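Chemist: okay, structure incoming, though there's no sequence with it:
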């Protein structure tokens, strides 16, 4: 993953993280679970540089409980799930929003 560009705002909203994971899966056949740790560490390092900074990550449920038949799609689903799990571990707050209804998990 490339380094984060210079960000001038104190709030960083990351949306489409599952697409970033898909791009990596399509370009690298030997991705390990640790891929998410690197991604998350870079985002958290940015947030921790100032007490005024806030990182907001919006993740999309890409599986809907269905196991894909394609090998790439299975790797993508698994790796995205692991990224989300690792992200939840280091997050102060986690919300699940379904049909506009918010449920705070953490």
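Modeler: Received, thanks. Owing to the predicted nature of the structure, the values given are computational and were not obtained by experimental measurement.
Chemist: and the most centrally placed residue in the chain, what does it touch?
Modeler: Nearest to the geometric centre of the chain sits residue 17, at 4.7 Å (CA atoms, centre = their mean). Residues in contact with residue 17, defined by CB atoms under 8 Å, 6 or more residues apart in numbering, are 39, 57, 58, 59, 80, 83. Every C-beta, even on glycine, is put in place using the N, C-alpha and C of the backbone.
Chemist: among those, which ones are in strands?
Modeler: 57, 58 (DSSP state E).
Chemist: closest one of the contacts of residue 17 to residue 29?
Modeler: Closest approach between the contacts of residue 17 and residue 29, by CB to CB: residue 80, at 16.3 Å.
Chemist: which residues are in contact with that closest one?
Modeler: Contact analysis of residue 80 by CB under 8 Å, 6+ apart lists 17, 18, 21, 22, 59, 62.
Chemist: looking at those residues, spot the one nearest residue 76.
Modeler: The shortest approach to residue 76 among the contacts of residue 80 belongs to residue 22, at 5.0 Å (CB to CB).
Chemist: can you report how many residues lie near that closest one?
Modeler: Neighbour count for residue 22, taken as other CB atoms under 10 Å: 19.
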